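Engineer: Got a predicted structure plus its sequence, pasted below:
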Amino acid sequence: MSEGVYDVEIVGVVRDSKYTGVREDRVRAVYVPFRPGPWASSVTVHLRTAGDPIALASAVRTIIRDIDRHISVFNIRTVEDEIGRSLLRERLVATITTLFGGLALTLAVVGLYGVLSYGVAQRSRELGIRVAIGATTGRIRWLVLREAAWLLGMGLWSGWE
């Protein structure tokens, strides 16, 4: 057998996988049995369990130590942790966008309140005369709310253009 060529037997084929994040392209990989050598600088072990995977960590460490006492087991994570880490940037962008959206909504509400307040202050004599000649509180409220709805509608309509 020549240098660099190994005798291998294919025992199965799996789909291309994603290793560093859910947004990456799928990569092709070869799974080989663990053998000491220059390619064994790091080994990843995937374990499927019906129970709590973190609870099995000490048992996995013991089994790997029994196989080879020079191998150190570290960085044990669940698939959920990996997916969460992979989506961290998207969650951060969503949170910041939500905060800015809330700030924009607050500014819009404060602006609308300011415009309405100014309009009502300008019409205080007119509203006082309406009350003096018999207008009810409900009618005055309806007059102000109708103006607010008109302003809101015009703002929304101009935003669509």
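Structural biologist: All right, it came through fine. Note that the structure is predicted; figures quoted are calculated from it, not measured. Numbers count the residues shown, from 1 in each chain.
Engineer: Need the outlier residue of this structure, farthest from its centre.
Structural biologist: Ranked by distance from the centre of the chain (C-alpha atoms, centre = their mean), the top residue is I133, with 58.2 Å.
Engineer: R123: neighbour count?
Structural biologist: R123: 15 surrounding residues under other C-beta atoms under 10 Å. (C-beta placed from N, C-alpha, C; glycine too.)
Engineer: Please name every helix or strand in contact with the top helix by length along the chain.
Structural biologist: Criterion DSSP state H: the longest helix present in the chain is helix 88-122. Secondary-structure packing of helix 88-122 (3 or more C-beta pairs under 8 Å, 6 or more residues apart in numbering; DSSP states H and E): helix 137-160.
Engineer: Show me the domain layout of this structure.
Structural biologist: 9-86, 88-160 (automatic domain parsing).
Engineer: weakest of those domains in terms of mean pLDDT?
Structural biologist: Of all the domains of the chain, the minimum mean pLDDT falls on domain 9-86 (a mean of 78).
Engineer: Just list the residues touching the residue nearest the centre of the chain, thanks.
Structural biologist: Nearest to the mean C-alpha position of the chain, by C-alpha atoms, centre = their mean, lies R91 at 2.6 Å. With C-beta atoms under 8 Å, 6 or more residues apart in numbering as the criterion, no residue contacts R91.
Engineer: S58 versus that one, what's the distance?
Structural biologist: 31 Å (C-beta to C-beta, to the nearest Å).
Engineer: quick check, G21 in a helix?
Structural biologist: No. Using DSSP: H, G, I helix; E, B strand; the rest coil, the assignment for G21 is coil, not a helix.
Engineer: And for V115, nearest residue in space, chain neighbours not counted?
Structural biologist: Leaving aside its chain neighbours, V115 sits nearest to L151 (6.3 Å; criterion: C-beta to C-beta, 6 or more residues apart in numbering).
Engineer: tell me the contacts of the one you found?
Structural biologist: L112, V115, L116.
Engineer: so how far is L103 from it?
Structural biologist: L151 is 21 Å from L103, by C-beta to C-beta.
Engineer: Ok, R26 next?
Structural biologist: Taking C-beta to C-beta, one finds R26 at 39 Å from L103.
Engineer: swap in E82?
Structural biologist: 33 Å.
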